[in-house]
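>>> Here you go, sequence then predicted model.
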Amino acid sequence: MSSQTLIHRGDVVAHEPIETREDLVRGPHSFHDITNMVCTPAEKTFGQMHIGWRIGFAVAFSLMLMFLSGIGYLIWEGVGIWGNTSPVYWAWDIVNFVFWVGIGHAGTLISAILFLFRQKWRTSINRYAEAMTVFAVICALVFPGVHVGRVWTVYWMFPLPNQMSMWPNFRSPLLWDVFAVGTYFTISLLFWWVGLIPDLASLRDRAKTKLAQFGYGLFSMGWKGSTRHWVNYERAYLLLASLSAPLVLSVHSVVSFDFAVSQLPGWHTTIFPPYFVAGAVFSGFAMVNTLMLPARKWLGLKDLVTIKHIENMNKIILVTGTMVGYAYAMEFFIAWYSGNEYESFAFINRAFGPYAWAYWIMVSCNVITPQLFWSRAIRTNITASFIISIFVNIGMWFERFVITVTSLNRDFMPSAWHYYVPTKFDLMFLVGSFGLFFTLFLLFIWRVPVIAMAEVKSIMKAANPHKH
Amino acid sequence: MHTKHKKEIGVLAEFDSPHAVYHACELTRDAGFRRFDSYTPFPVHGLDKAMGLGPSYLPWFVLIAGSTGAVLAMLTMIWMSAYDYPLNIGGKPTFSIAAFIPITFEVTVLFSGLTSVFGMFVLNKLPTFYDPLFNIAKFAKVTDDSFFLMIEARDKKYDQRHVVEFLEAAGAKSITIVED
């Protein structure tokens, strides 16, 4: 293996960029080995799946059923089953919504923004991350869908002609949210599917049963790898990436407008859009690590998802975690510097009021824990990466809880103050949404190629047409 | 089923590396063939140039769709909010361009994204669930690790014997006559 291969680009002779860096695919694998490694887990029967997967699926599926029955009860009984009450009218429903939308952002960041920056290492993890985006946004959409109480009127959110001849209020950030998250879900799903088409065709061509042939055949659209098709395909992929990059930045900005455009101290701050986007990427990358570290082990994909990938992920967690920490500090500074006593009170209440415990959980998990990744030994340690990713997930859920509940619980009039406590149904909805997420995710790793095979093959040394 | 007279589709050559198919495409292009295509498990860098293909038209469709989305979203909101049923909410202006920007942006992205995907399908004539190539057993490896080049019978310069010899000389590992 020579590390000094030179290539000719026009009149420039340069080192082949892939070869002067650490190999992204470890070991002497051929194209066929990659196909085998990725397709084999997707060709197992239910009984052949790892026992960990089967237990996980049973648990996740039960929790999902609990979630569905919870939704049924909510529609029957009304939103009063939750702990939301004056003055805390927004609580876990919005917290869970923002949490799940945020999780989704890492997928788009990996698939779109790293693609535009030509970060080749993304090819081993983008499929996971994109699937995670789609499933997280499904979980997120459930909450605004059901929190309206009268779910049979949700169509009022869309500009559809109705019996009142009224239109939605286009000046409201809540309506911007409908369009932002709706567009985000649609584009993420399409991006995922377009990326999947060549890989589903691989599974179609290997399929042994009629059902698998039909299913994979249907979703791969009759793909045959024609170069005339690849030209349009690659152009479509580039366009989707270019569209998704500003889209993902807009989505969490719009989510933050739900808070920032209001006039409530603690919410009405201009730092919210960038702060929310950084937090979203931070939480999403942590969730990718939480899902990817066990999956690469159980599915035998260690040669494709190498320690280099994990280290890169951890570096992004460190950067975004530090940005989030900066935002926490800057919020406090501005609360003091503004000279606005209500603003100052909101922040002192946040850190030292009745929910101080939640605030300090948030700070410990989001600001302190990721700083451990300055150490190379820790960021290349699988167990440490997994544990820290769990801390970040917890911390980021608490961040949304702190922003939402602590800003509301001490209203302008002390007579209206109220210590919000969730009910068992709140807990059921939070845990249940994890059930829905993991059910979808486990089905995905069972039946869909978890690594973008065609893309991984294209970054291998043997893929270079100018090499013999 | 009665036997039908079979129509000749072309000559399919198999290659075992991206380099081999790239070289063969260059030779085919330079020999003056126009109706030919190569089939690969992943997009081989520069293969479109080696085949003499031009760029995709897709961005133009996406530009038109995105612009349509932007104009449509803005005009719809202005009409609904300021003319058809103006609602006084907190005394804020009903004709409020700034407040309409986020939705205009999202609708632009939505229209462009849908056109990128479905425009690509239209340009590629997908879905096409039947192709004579799918009858050839070894073509199943096109989504795994094999590289193919087919010179089609509808090419003006097509002559079966000549094409077979040409592709053998270009380094084909195996040759198949494709019929339907």
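Alright, I've got the coordinates.

>>> Show me which positions of stretch A:66-84 end up buried.
Residues A:66-67, A:70-71, A:74, A:79, A:81-84 are the ones in stretch A:66-84 that count as buried (16 or more other CB atoms under 10 Å in any protein chain shown). C-beta here means a position set from N, CA and C on the backbone, and glycine is covered the same way.

>>> ok but residue B:90 is inside a strand, no?
No - secondary structure of residue B:90 (DSSP: H, G, I helix; E, B strand; the rest coil): coil, not part of a strand.

>>> tell me the contacts of it?
By CB atoms under 8 Å, 6 or more residues apart in numbering or on different chains, no residues touch residue B:90.

>>> Domain ranges for chain B, per the record?
B:8-54+B:125-179, B:58-123 (automatic domain parsing).

>>> that older thread, restricted to helices, list the buried residues of stretch A:66-84.
Judged by DSSP state H, the subset of the buried residues of stretch A:66-84 located in helices is A:66-67, A:70-71, A:74.

>>> how deep is residue B:79 tucked in, by neighbour count?
12 (other CB atoms under 10 Å in any protein chain shown).

>>> and the gap between it and residue A:216?
46 Å (CB to CB, to the nearest Å).

>>> And residue B:5, by the same measure?
Distance from residue B:5 to residue A:216, by CB to CB: 33 Å.

>>> Likewise for residue A:31?
For residue A:31, the distance to residue A:216 - CB to CB - is 19 Å.

>>> rewinding a little: now the domains of chain B in JSON lines, with mean pLDDT?
Shown next, in JSON lines, are the domains of chain B (pLDDT from 0 to 100):
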{"stretch": "domain B:8-54+B:125-179", "mean pLDDT": "94"}
{"stretch": "domain B:58-123", "mean pLDDT": "95"}
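
>>> would you turn the ones you listed into a markdown table with distance to residue A:58?
Formatted as a markdown table, these follow (distance: least, CB to CB, whole Å):
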| stretch | distance to residue A:58 |
| --- | --- |
| domain B:8-54+B:125-179 | 33 |
| domain B:58-123 | 36 |
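
>>> Over to residue B:153: give its phi and psi.
Reported as degrees, to the nearest 10, the phi and psi values for residue B:153 are phi -70, psi -20.

>>> Tell me how many other residues surround it.
18.

>>> can you check the one 3 residues further on too?
For residue B:156, the tally of surrounding residues (other CB under 10 Å) stands at 8.

>>> Between residue B:5 and residue A:216, tell me which one has more neighbours.
residue A:216 (23 against 5).

>>> Skipping adjacent residues, who's closest to that one in space?
Spatially, and ignoring its direct neighbours in sequence, residue A:216 is nearest to residue A:204 (3.8 Å; CB to CB, 6 or more residues apart in numbering or on different chains).

>>> For the strand or helix carrying that neighbour, list every residue counted as buried.
Using DSSP states H and E, residue A:204 sits within helix A:173-206. Buried residues in helix A:173-206, counting neighbours by 16+ other CB under 10 Å, are found at A:173, A:175-206.

>>> What is that helix packed up against?
Applying 3 or more CB pairs under 8 Å, 6 or more residues apart in numbering or on different chains; DSSP states H and E, one finds that helix A:173-206 contacts helix A:31-42, helix A:92-108, helix A:126-147, helix A:210-219, helix A:227-260, helix A:453-458, helix B:97-123.

>>> Isn't the residue nearest to residue A:216 up against residue A:211?
No - Residue A:204 is beyond contact range of residue A:211, at 11.6 Å (criterion: CB atoms under 8 Å).

>>> how close does residue B:8 sit to chain A?
Residue B:8 is 19 Å from chain A, where distance means CB to the nearest CB, to the nearest Å.
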